[in-house]
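>>> need a 3D model of the following:
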Amino acid sequence: MNYCHHKQLKAPMVDVHELTNLLRQLDFKVVSLLDLTGLEMHTAVHEFLLLLDKGVYGLLYYAGHGYENYGNSFMVPIDAPYSYTSEHCLCVQNILQLMQEKQTGLNVFLLDMCRKRNMHDEIIPQMEALRVTANIVYGYATCPDAEAYEISQGELTN
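Predicted coordinates:
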């Protein structure tokens with residue numbers, strides 16, 4: 001991933017291609033997008049939500065920089081400033097809430113990103129709690145307050 005102000009990530013590119021190939025073998029309709037700016041991420045999520053409808057299975061996978069504050073997870077676009085806050089990022093819980101509103105058969109959200117606290121962000125998002133439903137599955141690459149790592153030539157990097 002070609003971040004403007006943050007460490008470059010290599011593993012997400014490989015992971016996206018692998019997951020895309022696997023899902024296509026299972027006859028899923030797949031759209032893979034890489035290196036998105038904030039505007040492009042918002043547009044991609046909007047377009048993704050248009051594809052969802054009652055009974056449809058929706059899967060959204062994100063690999064890249066991210067963080068978690070006050071129980072909310074944020075995906076960091078490639079053009080986020082060095083001292084980014086939630087205003088520069090996409091909130092996972094907001095997207096999940098919009099996915100729920102589509103009354104899909106299943107919503108899956110996979111996040112391959114860090115979940116460390118962002119010390120630059122003191123904003124506490126005011127949002128409704130997610131409804132507990134049986135049709136949502138979301139998974140993280142790591143536990144709360146931890147970093148996700150990638151292996152680069154035998155060395156761990158985050």
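>>> now do the contacts for the spatially most central residue of the chain.
Centroid check for the chain by Cα atoms, centre = their mean gives Tyr62 as the closest residue, at 3.6 Å. Applying Cβ atoms under 8 Å, 6 or more residues apart in numbering, we find Tyr62 in contact with 75, 92, 109-113. Heads up, the C-betas are built off the backbone N, CA and C, glycines and all.
>>> sec struct for it, please.
strand (DSSP: H, G, I helix; E, B strand; the rest coil).
>>> please flag which of the contacts of Tyr62 sit within strands.
Counted as lying in strands by DSSP state E, out of the contacts of Tyr62, are 75, 109-112.
>>> which one of the residues you listed is nearest Val30?
The shortest gap between Val30 and any of the ones in strands among the contacts of Tyr62 belongs to Leu110, at 13.3 Å (Cβ to Cβ).
>>> let me know how buried that closest one is, in neighbour terms.
When neighbours are defined as other Cβ atoms under 10 Å, Leu110 has 17 of them.
>>> equivalent analysis for the one 5 residues further on, please.
When neighbours are defined as other Cβ under 10 Å, Arg115 has 20 of them.
>>> which non-adjacent residue is nearest it?
Nearest in space to Arg115, with sequence neighbours left out and distances taken as Cβ to Cβ, 6 or more residues apart in numbering, is Glu68 at 4.2 Å.
>>> helix/strand/coil for the one you found?
strand.
>>> my read: it touches Pro125, true?
No - Glu68 is beyond contact range of Pro125, at 11.4 Å (criterion: Cβ atoms under 8 Å).
>>> and the two? Which one has more around it.
Neighbour count, other Cβ under 10 Å: between Glu68 and Pro125, Glu68 has more, with 21 against 14.
>>> residue contacts, that one?
74, 115-117, 144-145.
>>> check Cys143 too.
Per Cβ under 8 Å, 6+ apart, neighbours of Cys143: Arg115.
>>> tell me the phi and psi of it?
phi -90, psi 170 (degrees, to the nearest 10).
>>> ok, it to Val76 distance?
Per Cβ to Cβ, to the nearest Å, Cys143 is found 19 Å from Val76.
>>> got it, and Thr104?
Relative to Val76, and taking Cβ to Cβ, Thr104 is found at 26 Å.
>>> which one of those two is surrounded by more residues?
Val76 (24 against 20).
>>> skipping adjacent residues, who's closest to that one in space?
Leaving aside its chain neighbours, Val76 sits nearest to His65 (4.0 Å; criterion: Cβ to Cβ, 6+ apart).
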